[in-house]
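Undergrad: Here is my input; please provide its structure:
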Amino acid sequence: MPAVSKGDGMRGLAVFISDIRNCKSKEAEIKRINKELANIRSKFKGDKALDGYSKKKYVCKLLFIFLLGHDIDFGHMEAVNLLSSNKYTEKQIGYLFISVLVNSNSELIRLINNAIKNDLASRNPTFMCLALHCIANVGSREMGEAFAADIPRILVAGDSMDSVKQSAALCLLRLYKASPDLVPMGEWTARVVHLLNDQHMGVVTAAVSLITCLCKKNPDDFKTCISLAVSRLSRIVSSASTDLQDYTYYFVPAPWLSVKLLRLLQCYPPPEDAAVKGRLVECLETVLNKAQEPPKSKKVQHSNAKNAILFETISLIIHYDSEPNLLVRACNQLGQFLQHRETNLRYLALESMCTLASSEFSHEAVKTHIDTVINALKTERDVSVRQRAADLLYAMCDRSNAKQIVSEMLRYLETADYAIREEIVLKVAILAEKYAVDYSWYVDTILNLIRIAGDYVSEEVWYRVLQIVTNRDDVQGYAAKTVFEALQAPACHENMVKVGGYILGEFGNLIAGDPRSSPPVQFSLLHSKFHLCSVATRALLLSTYIKFINLFPETKATIQGVLRAGSQLRNADVELQQRAVEYLTLSSVASTDVLATVLEEMPPFPERESSILAKLKRKKGPGAASALDDGRRDPSSNDINGGVEPTPSTVSTPSPSADLLGLRAAPPPAAPPASAGAGNLLVDVFDGPAAQPSLGPTPEEAFLSPGPEDIGPPIPEADELLNKFVCKNNGVLFENQLLQIGVKSEFRQNLGRMYLFYGNKTSVQFQNFSPTVVHPGDLQTHILSGLGQPPTKRVAAQVDGGAQVQQVLNIECLRDFLTPPLLSLPVTINKFFQPTEMAAQDFFQRWKQLSLPQQEAQKIFKANHPMDAEVTKAKLLGFGSALLDNVDPNPENFVGAGIIQTKALQVGCLLRLEPNAQAQMYRLTLRTSKEPVSRHLCELLAQQF
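TA: So this is what the prediction gives:
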C-alpha cells in the first residue's frame, strides 16, 4: 500500500477532533459541530473550486461527525468526486465515506458504479482492491448485478495480483451471501478450485471461504476441491512453525486456514480415492498426535489456536463416522478435556462427545467417562455445561447403565435449573421407557418423576405410563398398589391424582382384597383430593367414580350421594354438571349387566411410536433430531419403547370427535372411546372435517366402552400416507377392525381418475355414510378440479355388513401444487408426470439450460432402506420419470427425465440419483423450470429411499 505523504496529516481535522474532545458539555459539542458543518457547507457551495486535499479533509470531518451520532445530509457528491482522483489517500477517503454513509438505494449508486468500473479496469492493484472493498461493504443488489460477472473473471485471471485475488474472493463471497442468484456459475468455478494450490496463503484462505459457501449449494461443481484441500492440509499439518512464518500464530502454523479446510471437507462424504483418503487419515492422526505433545507456549492464544484445529478435526472424524480407530482416539482426547480448568473446553468436549456417543464405533469408549460426566452434572457451576452433561448422559445411555443414569438424572432434577427441568423430565421418561429392565421399575421411575417435578411433567409423559400399564397385564396390580401408596402423601401433585384416578378406576379391583386398600378406602382417598384439583382433573375423577360403581357395588350409595350433591348437579362448569347428571342417571337406571358392558375395562392401546421423543425433538429444535434419534439401537432394549402412542383421545390437541371425554388437557380416565355405531366411525378415522357423517355420539354415549368390534388405530399421518403412494397407484389406504378403504388410480397427462373402495368389515349396516374430500387453502380453485364436485358415482348412504361400495373421483391438474387434498388422498404432483426419452446430448444441453440456483433442488441423505439397484429403478419408474441409459458417466447412477402436465403449463423435469453404497448415502439432484416444483419433487422422492 502506498505510503502516506507528510502533507496528508490534515491538520485541520486534527484541530477539529481536539476541539470536540475538549468540550465540557454536550451543548458545547453540538455548538462546535454546527459551526463546523456551516463552514463545510459554505466551502462546498462556494464559487472557488476546492482542491483534492480540501475535499478529502472536509469529507473526513463529515465522516467523523457522523460517527459521533449526528446526521449528515450533504457532502455525498464531493465524496463521489474523490473517487476519480489519482491519489491513493483521496480515493481511499472517498470509498470510506461511501461505504459508511451511502445508502444502497441512493441515487448516487450509478455514479459510484461507474467510478468502481473504471478502477476495476485500471489494472492498478491498489485501486482495484479499494473498489472491491467498497462493493463488499455496500453489498447492494444493484452493485451485485453490475459486477457479479466481472469479479469471478478478476479472481481467476492469471495476471491478477495476490492482493487483488484475495479481495475478489472475499467480495464475491459477500455478494453470494447477500444475493445467491446474482452470482453465475460457469467455467470459472473449475478454475477457482485451483486457487487452493496458490503460493500465497492469503489467497488460499479467502478461496477456501468462498468455495465452502458455494459448494453447499452446488457440491458437484466443486467436488475436485477435496483432493486439493487434503493436499494443502497435509502440507500445513506436517510443516514446522518456522516454515510459514507470516501465517504462524503463536507456534501454530496457519490455524485459520487449517480450520477452514477441515470445514470444507465436512461438506462432502469421505474421499473415494484410496490415496487421498489415506493421506487425509494421516493428517487427522497427526493433529491428534500433536494434541498430546507438551505446549510450545504457555500463552492462551497458543492453546486456543491448537484446540480450534483439534475440535474441527474431531468434527470431521465424527462427520465421516467410518474410521473406528480415529473415533476412539477422538473420544479419549475429549475425555481429557472433561476435567480441564477451562469451562469452554469442558463445554465443547461434552458437546462433541454427545455426537460421538451415537456412533457404533465410539459408543463404548464414551461410556467409560460416565463417572466424570455424572460429576460434571453435579458440580459444574455453569448451567450450560450442566445441560450438555445431561445431554451426554442421555446419548450414552443403554441397557447396561440405564438404571444408574436415570437415578442420577432424577437426583439432579431436584436441584436442576428451572429452564431445563422439562427437558430433563422428557429425557428421563424416554430412557426409563426405552431401557426398562422390567415394567415395575418403569412405573416407579415415572411416579418418582411426577413426585419430584410434577409441574414439568407434560401430558405426553403421564399419558404414556397409562398406556403401558393398560397394555401390560403383569404390571397392572403393581401400578395400582404403587399409585395408591403415592396418593397417601399429604402433598400430592395433581398429575399424580390424574394417574391415580385412571389406574384405580381401571385396576383398583386388583388391590381391593387388602383391607388397607379396600374399595371405600380407595374412594375416600381419591375424593379427598377432589376439591383441590382443576376442572379437568375433577372431570376425570367423576369418570373414575362411575367405574367404581361397576367394580365395587358396595360403593354405589356413597358415590351416588357425591354425584347427587348440589355442588355437582348445579356446578357452574357445564362439563362437571353434565357428567354428574349422566353418571347419576346411568348408575340408577342401568342394570348390572348393562353397567358392566358399558363400563368394562379399557382395551389395549394401538402400538405406535412414542410421542415423548417427538416432543423432545420439538423442544431441542430441528438441529438436534439426529442426536436424539440416533441410528444406534440397543438390540436388547425392551419392546416397551417401541411403545404405544396415544389414541385420538390422549393426544395433547385432540380433535372434537377424538376428545371423547370432553377434556382438552386430560386423557380418558376410565372411559374408553365410543363405539356408538358405525355412523361415528369416519369422524375418528379422518380426525376432523375431512369426512362428516350425520350420525355422531350423544353425550350419554361419550363414555361408553367399545363392544367386541373396537375401533382400530387412527389413520396414519398424512406424510406417511403420501410416502407410501408416491411411487405406486394402488393399495390399501386405511384399515381397522370396522372399515377398509382401498384406492386405485390412473393418470394421463394432466388428468386423473381415482377409485375409492369402502368396505364394511362388520356384520352391522353403516347408516348415513357420506365421506367428503376437503381442499386445503385454494387447492380447489387453483390446482385440482373435480374433487370438490359431485363424483361420477355417489356412495350409498347405507353400507351393508360385509359389503363394499365404490366412489369415483375425477381429477384435473390446473397448476403445480404442493399440498394434497385433506382426505390424505395419494394425489401428489408427480402423478402427472409424462415420461420423456432423451439422448445423452439432449439431456446435458437441457441440464445446462436449467442451471439457475432456484431451478435446482439437491438433497444428500442417508439410505433408510437396503440399497438395491432393481428396487431403486422400480421406485424411479413408479415415480413417473423415464430412466435414461448410458447418459451418466458413472453406470451406478440413475438419470431420469419427464414433463409434468398441467392445464396451465408444462414443467420439464430432469433428475439424477447418485447412490454411495460404501457410505450408505444418496445424493439426489432435480432441475425443473419452477423452483417450488424442484424442491417439492426432491423432498417427495428423497423420502422413498
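Undergrad: what mean pLDDT would you report for the host helix or strand of H936?
TA: Remark: H936 resides in helix 931-942, with elements defined by DSSP states H and E. The average pLDDT for helix 931-942 rounds to 85.
Undergrad: Give me the contacts around that helix.
TA: Outside of helix 931-942, the residues within contact range by Cβ atoms under 8 Å, 6 or more residues apart in numbering are 722, 726, 816, 818, 828-830, 854-859, 861, 876, 879, 900, 907, 909, 911, 913, 922, 924-928. Every C-beta, even on glycine, is put in place using the N, C-alpha and C of the backbone.
Undergrad: which among those residues end up buried?
TA: Among the contacts of helix 931-942, those scoring as buried are 722, 726, 816, 828-830, 855-858, 876, 879, 900, 907, 909, 911, 913, 922, 924-928 (criterion: 16 or more other Cβ atoms under 10 Å).
Undergrad: Can you classify F16 as helix, strand or coil?
TA: For F16, the assignment made with DSSP: H, G, I helix; E, B strand; the rest coil gives helix.
Undergrad: just checking, it touches K35?
TA: No: between F16 and K35 there is no contact, the gap being 9.9 Å when judged by Cβ atoms under 8 Å.
Undergrad: Between the two, tell me which one has more neighbours.
TA: It is F16, of F16 and K35, that has more neighbours when counted by other Cβ atoms under 10 Å, with 22 against 12.
Undergrad: OK, contacts around that one?
TA: Per Cβ under 8 Å, 6+ apart, neighbours of F16: E36, K61, F64.
Undergrad: close enough to count as contact, the second one and D19?
TA: Spelled out, it's K61. No: with contact taken as Cβ under 8 Å, K61 and D19 are classed as non-touching, separated by 11.1 Å.
Undergrad: And those two? Which one has more around it.
TA: More crowded of K61 and D19, by other Cβ under 10 Å: K61, with 21 against 15.
Undergrad: In which helix or strand does the more buried one reside?
TA: K61 is located in helix 52-67, with elements delineated by DSSP H and E.
Undergrad: after that helix, next one along is what?
TA: The helix or strand immediately downstream of helix 52-67 is helix 76-82, counting by DSSP H and E.
Undergrad: Check which element follows that next one along the chain.
TA: Counting by DSSP H and E, what follows helix 76-82 is helix 88-101.
Undergrad: So which bits of that following helix are buried?
TA: Under the neighbour-count rule (16+ other Cβ under 10 Å), helix 88-101 has 88-99, 101 buried.
Undergrad: neighbouring contacts of stretch 866-882?
TA: Residues outside stretch 866-882 that contact it (Cβ under 8 Å, 6+ apart): 726-728, 830-838, 865, 883, 892, 894, 896-898, 909, 911, 913, 915, 917, 920, 940-941, 944-945.
Undergrad: So which of those belong to helices?
TA: When the contacts of stretch 866-882 are checked against helices using DSSP state H, the ones located there are L940, L941.
Undergrad: Going through the contacts of stretch 866-882, which ones are buried?
TA: Among those, those classed as buried by 16+ other Cβ under 10 Å are 726-727, 830-834, 836, 838, 883, 894, 896-898, 909, 911, 913, 915, 940-941, 944-945.
Undergrad: and stretch 403-416, how far out from the chain's middle?
TA: 28 Å (Cα atoms, centre = their mean, to the nearest Å).
Undergrad: Averaged pLDDT, it. What do you get?
TA: The average pLDDT for stretch 403-416 rounds to 90.
Undergrad: Just the buried positions in that stretch, please.
TA: Neighbour counts over stretch 403-416 (16+ other Cβ under 10 Å) mark K403, I405, V406, E408, M409, L410, Y412, L413, A416 as buried.
Undergrad: Might you report the residue contacts of the fifth one?
TA: Shown in contact with M409 (Cβ under 8 Å, 6+ apart): L377, A390, L393, I424, K427, V428, L431.
Undergrad: ok, 6 Å please
TA: I424, V428 (Cβ atoms under 6 Å, 6 or more residues apart in numbering).
Undergrad: State whether it is indeed within a helix.
TA: Yes: the assignment for M409, made by three-state DSSP, places it in a helix.
Undergrad: when you give positions from now on, start the count at 455
TA: Will do, 455 is the new start, and the previous item becomes M863.
Undergrad: And the helices in the stretch 655-804 of the chain, which stretches?
TA: Per DSSP state H, counting those that start in this stretch, the stretch 655-804 of the chain has helices spanning 655-669, 679-692, 709-719, 728-746, 754-774, 778-791, 797-810. These are given in chain order.
Undergrad: and the fourth one, how far out from the chain's middle?
TA: Mean-position distance between helix 728-746 and its chain equals 33 Å (Cα atoms, centre = their mean).
Undergrad: for it, packing partners?
TA: In this structure, helix 728-746 packs against helix 679-692, helix 754-774, helix 778-791, with contacts taken as 3 or more Cβ pairs under 6 Å, 6 or more residues apart in numbering; DSSP states H and E.
Undergrad: and Q653, what element?
TA: Take DSSP H and E as the rule and Q653 turns out to sit in neither a helix nor a strand.
Undergrad: quick revisit: now the buried residues of helix 542-555 as TSV including pLDDT and distance to D928?
TA: As requested, these are arranged in TSV below (pLDDT from 0 to 100; distance: Cβ to Cβ, whole Å):
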residue	pLDDT	distance to D928
Y542	91	86
T543	90	87
E544	91	89
K545	92	85
Q546	92	82
I547	92	84
G548	92	84
Y549	91	79
L550	92	79
F551	91	81
I552	90	79
S553	90	74
L555	85	77
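Undergrad: got a list of contacts for the helix or strand hosting R564?
TA: R564 is part of helix 563-575 when elements are defined by DSSP H and E. When contacts are taken as Cβ under 6 Å, 6+ apart, the neighbours of helix 563-575 outside the stretch itself are V534, L537, I552, F581, M582, A585, E596, A600.
Undergrad: What separation is there between D473 and K510?
TA: 19 Å (Cβ to Cβ, to the nearest Å).
Undergrad: so where do the helices sit in the stretch 855-1004 of the chain?
TA: Shown for the stretch 855-1004 of the chain, the helices assigned by DSSP H, counting those that start in this stretch span residues 856-867, 872-888, 893-907, 913-925, 927-941, 948-961, 973-984, 989-1005.
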